[in-house]
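J.: using only what follows, build the 3D model:
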Amino acid sequence: MRANRLKEIWASGKPAIGGWCSIPGSFSAELMANQGWDVVTIDTQHGVIGYSEMLQMLQAISTTDAAPLVRVSWNQPGEIMRALDSGAYGIICPMINDAAECAAFVQACRYPPDGFRSSGPTRAAIYGGADYLAKANGEMLTFAMVETAAGLANVEAIVATPGLDGVYIGPSDLSLSLGGPPGQDSDAPALMAAFDQILAACKAAGVRIGVHTNSVAYSQKMLGRGFDLVTVGSDTRFLMSGRREAAEMHAWLKAR
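T.: The predicted structure follows:
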């Protein structure tokens, strides 16, 4: 079976650097995946990506060595299984608030006897290999998003869930849930205290931890804090970062 690149990087003792896709389209995903990321995540929660586009984007990412992940829109078994059957090598599940929700998520990602995932890896077996069914439980990664006050309060129980590979922090929702403003790359003391609480729980349980960031500088800071995975930025952010140059060009054209 094709090895999970993200697991290989962690096994080598290194953290992983990720890119994020919110724009539907195989070419944009191919462009992102060819920038040298260790992992590329397709966002079907807050992005504008449907199932058919997700499938095409997974195929595009497959032209590179990047590990393909999908953030599903909710903790729904059918949606989770569909993403895995399409070739995702890991699932990021939003809004996990307690151990019961986490267990249901993890079990949807695993074939019996470890879970209740249905057998039918339509594209996954093509991407992963003929022995996919026999080995998938050991390769597919499960990330529970801790991004609410309830999730924070229950984080020790969440990370103790059998089969959970990692926690992925959604800083904007976590800040909002704790009474702060939504946003990325915040150093607010309350949010940093929450980060440290989640980090400590993950390290104690031997669970990996990732976080969504919006810049190289903040990603480096989070790696120094002990994170195993940082998402440096998304296709939408990189596109929007060119707006200053576009505005300057527009002003120049008008002034001719």
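
J.: what does the most centrally placed residue in the chain show for phi and psi?
T.: For the chain, the residue nearest the mean C-alpha position is residue 92 (4.8 Å; Cα atoms, centre = their mean). Dihedral pair for residue 92: phi -100, psi 120, per degrees, to the nearest 10.

J.: so it versus residue 134, what's the distance?
T.: Distance, residue 92 to residue 134, using Cβ to Cβ, to the nearest Å: 25 Å. Placement of C-beta: from N, CA and C, glycine included.

J.: which residues of this protein fall in strands?
T.: In the chain, the strands defined using DSSP state E lie at 16-21, 39-43, 67-71, 90-93, 141-146, 166-169, 208-212, 229-234.

J.: export those strands to TSV and tack on distance to residue 223?
T.: Converted to TSV, the strands of the chain look like this (distance: least, Cβ to Cβ, whole Å):
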stretch	distance to residue 223
strand 16-21	9
strand 39-43	14
strand 67-71	18
strand 90-93	19
strand 141-146	17
strand 166-169	14
strand 208-212	10
strand 229-234	6
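
J.: what distance do you get for the spatially closest residue to residue 74 that is not a sequence neighbour to residue 135?
T.: In this structure, residue 74 finds its nearest non-sequential neighbour in residue 94, 6.7 Å apart by Cβ to Cβ, 6 or more residues apart in numbering. In this structure, residue 94 and residue 135 are 27 Å apart, going by Cβ to Cβ.

J.: the more surrounded of those two?
T.: The neighbour count for residue 94 versus residue 135, taken as other Cβ atoms under 10 Å, is higher for residue 94 (22 against 14).

J.: for that one, give me its contacts.
T.: Residues near residue 94 by Cβ atoms under 8 Å, 6 or more residues apart in numbering: 45, 71, 72, 73, 74, 75, 145, 147, 170, 173.

J.: now mean pLDDT and distance to residue 120 too, for the strands of the chain, in CSV please.
T.: As requested, the strands of the chain are exported to CSV (pLDDT from 0 to 100; distance: least, Cβ to Cβ, whole Å):
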stretch, mean pLDDT, distance to residue 120
strand 16-21, 97, 25
strand 39-43, 98, 20
strand 67-71, 98, 17
strand 90-93, 98, 16
strand 141-146, 98, 19
strand 166-169, 98, 25
strand 208-212, 97, 28
strand 229-234, 93, 29
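
J.: who wins for proximity to residue 6 among those?
T.: The closest of the strands of the chain to residue 6 is strand 67-71. By Cβ to Cβ, the value is 4.1 Å.

J.: before we move on, back to that, buried ones among the contacts of residue 94?
T.: Neighbour counting over the contacts of residue 94 (16 or more other Cβ atoms under 10 Å) leaves 45, 71, 72, 75, 145, 147, 170, 173 as the buried ones.

J.: for the nearest residue to the last one once chain neighbours are set aside, give me the pLDDT.
T.: Okay, so that is residue 173. Using Cβ to Cβ, 6+ apart and skipping the chain neighbours, the partner closest in space to residue 173 is residue 147 (3.9 Å). Looking at residue 147, its pLDDT is 98.

J.: what do you get for residue 255?
T.: 75.

J.: ok, now residue 114?
T.: 98.

J.: give me phi/psi at it?
T.: Dihedral angles of residue 114 (phi, psi; degrees, to the nearest 10) stand at phi -80, psi -10.

J.: does it really touch residue 142, like I thought?
T.: No - contact criterion Cβ atoms under 8 Å: residue 114 and residue 142 do not qualify, at 10.8 Å.

J.: identify the contacts common to those two.
T.: With Cβ under 8 Å, 6+ apart as the test, residue 114 and residue 142 both reach residue 163.

J.: so which of those two has more stuff around it?
T.: The residue with more neighbours, out of residue 114 and residue 142, is residue 142; 24 against 14, by other Cβ under 10 Å.

J.: so who does that one touch?
T.: By Cβ under 8 Å, 6+ apart, the neighbours of residue 142 are 90, 91, 93, 105, 106, 109, 163, 164, 165, 166.
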